[in-house]
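Undergrad: quick one, fold the following:
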Amino acid sequence: MLDFHYSDTWTDPQQNLVPAAWKPVVKYSSLLADSVYNYTYRTLEHLNSIGLLPVMVQIGNETNFNIMVADNNDLEPVNFARNVKLFNAGLKAVSDFNAKYGKQILTMLHVALDPGSASTWLSRHKRYGLNYFDLLGLSYYPQWQGYTPAELGNFASSLHTNYGTRLFVAETSQIWTRAWNDNNHNLMSKMCAGYPDVPSPQLQKDYVTEIKRALINNGGAGFCVWEPFWVSASNKTLWGVGSNWENATFFDFNNNLLPHSAIEAYGDNNVKVTFEVDMYGAGSTAKGYITGDFTDDGFGHWQIIPMHQAAEGSTKYYLDTYLCRNQTGQFYFLSDSTWNSRESINGNVQDRYYNINTTEDWMKIAKDFGQQ
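TA: Presented below is the predicted three-dimensional model:
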């Protein structure tokens, strides 16, 4: 995927500055559109000549408001007619290139909006003659978007039904820790809605796996985790020394790949595992909690995770997570969020063991609290 920002720096909902070379024509949308067309077309020609042609091209980055403005104070109100002229120039450049060279590069527009606002954005631009494009890209971060992967899937379905456009999650990530590895401010600290507020590599994996499955099941096109390699380093960037993102990468603070983090979501070796416990024998005030090697915080420490009550008044509690086929490990249940509330199994303090030895996509491990 090649992402044209059409700027001399990063663009996002708070900034979308026109390149300095195009600033003299920023108020002349037809001339600016001509620049967009030629720049896009010639870039693709160059990449084609050196064997680096992309599979898809993104026309703009997080284009919630006006694009290619002279000053960020001009981001709103949105001039849909101007936006459409500029989007169409980029889209036509890709279309013309495909026609001349016999290629099939896909096109994508990209916003950082919730599903309702993204639908409104799309419908308003279409009223002004927005050309066909293949994919609507979406930025989906728990820090700024408060909906679930299931709701994302519903949006993918409605988008495909109403507009014939497939959803591509162009940017997403979930933290695996709230710890810092440098003095540079980390941008994300929130967990996704509906997830335990206990960051871990496993819950990062669960989040991305649920996004993947929601898209597959609802006509979506794909996803891209951003930015899993932005580990802490000593070099200076636009945002200071270090990283704003080391707590959301695929790596620990020694730059080693985290075991069972979101990188495993890219594969097809995952099984949805439901851990269930019946707390009937633990007393009327007991609730279900679980800990195990899959709750590791990324630093070698197990964490206590609250489980979901199966139904109001039920004594059964469950936790869904995604483990790898043939993965083995240890866990146990607790009746509270404290370590001294762990179960004794038939009178003995001991761990339970799991073995994901199934060819199916789902496996259930159900136990009675304190019973083998």
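
Undergrad: show me the contacts for residue 110.
TA: The neighbourhood of residue 110, defined by CB atoms under 8 Å, 6 or more residues apart in numbering, consists of 3, 58-63, 136-139, 170. C-betas here are computed from N, CA, C, even on glycine.

Undergrad: what's the local residue count around residue 9?
TA: 10 (other CB atoms under 10 Å).

Undergrad: give the bridge partners for the nearest residue to it once chain neighbours are set aside, please.
TA: Using CB to CB, 6 or more residues apart in numbering and skipping the chain neighbours, the partner closest in space to residue 9 is residue 17 (6.8 Å). In this entry, residue 17 is beta-bridged to residue 69, by DSSP bridges.

Undergrad: which residues touch residue 17?
TA: Under the criterion of CB under 8 Å, 6+ apart, the neighbours of residue 17 are 7-9, 11, 68-72.

Undergrad: any idea how far residue 108 is from it?
TA: If you measure residue 17 against residue 108 using CB to CB, to the nearest Å, the figure is 21 Å.

Undergrad: could you do residue 293 as well?
TA: 39 Å.

Undergrad: which of the two has more residues huddled nearby?
TA: Between residue 293 and residue 108, counted using other CB under 10 Å, residue 108 has the larger neighbour count: 24 against 17.

Undergrad: tell me the mean pLDDT over the one helix or strand that one maps to?
TA: Here residue 108 is covered by strand 106-111, with elements defined by DSSP states H and E. Strand 106-111 comes out with an average pLDDT of 98.

Undergrad: give the other helices and strands that the helix or strand just after that strand contacts.
TA: In the C-terminal direction, the helix or strand that comes right after strand 106-111 (DSSP H and E) is helix 115-127. Packed against helix 115-127 by the contact rule (3 or more CB pairs under 8 Å, 6 or more residues apart in numbering; DSSP states H and E) you find helix 80-101, strand 106-111, strand 135-140, helix 149-163.

Undergrad: quick check: buried residues in helix 115-127?
TA: Within helix 115-127, the residues that qualify as buried are 115, 118-119, 121-122, 125, counting by 16 or more other CB atoms under 10 Å.

Undergrad: swap in stretch 169-184?
TA: 169-177, 181-182, 184.

Undergrad: quote the end-to-end distance of that stretch.
TA: Using CA to CA, to the nearest Å, one end of stretch 169-184 lies 27 Å from the other.

Undergrad: which of the contacts of residue 17 lies closest to residue 222?
TA: Checking those against residue 222 by CB to CB gives residue 11 as the nearest, at 21.8 Å.

Undergrad: pretty sure that closest one contacts residue 59?
TA: No: with contact taken as CB atoms under 8 Å, residue 11 and residue 59 are classed as non-touching, separated by 11.6 Å.

Undergrad: tell me which of the two has more neighbours.
TA: residue 59 (26 against 23).

Undergrad: run through the bridge partners of that one.
TA: When bridges are assigned using DSSP bridges, the partners listed for residue 59 are residue 4.

Undergrad: isn't it right up against residue 95?
TA: No: using CB under 8 Å, residue 59 is not in contact with residue 95; the gap is 11.2 Å.

Undergrad: got any residues that touch both of those two?
TA: residue 107.

Undergrad: tell me the mean pLDDT over stretch 158-175?
TA: Regarding stretch 158-175, the rounded mean pLDDT is 96.

Undergrad: do stretch 228-245 as well
TA: When pLDDT is averaged along stretch 228-245, the result is 93.

Undergrad: nice, that's everything, thank you.
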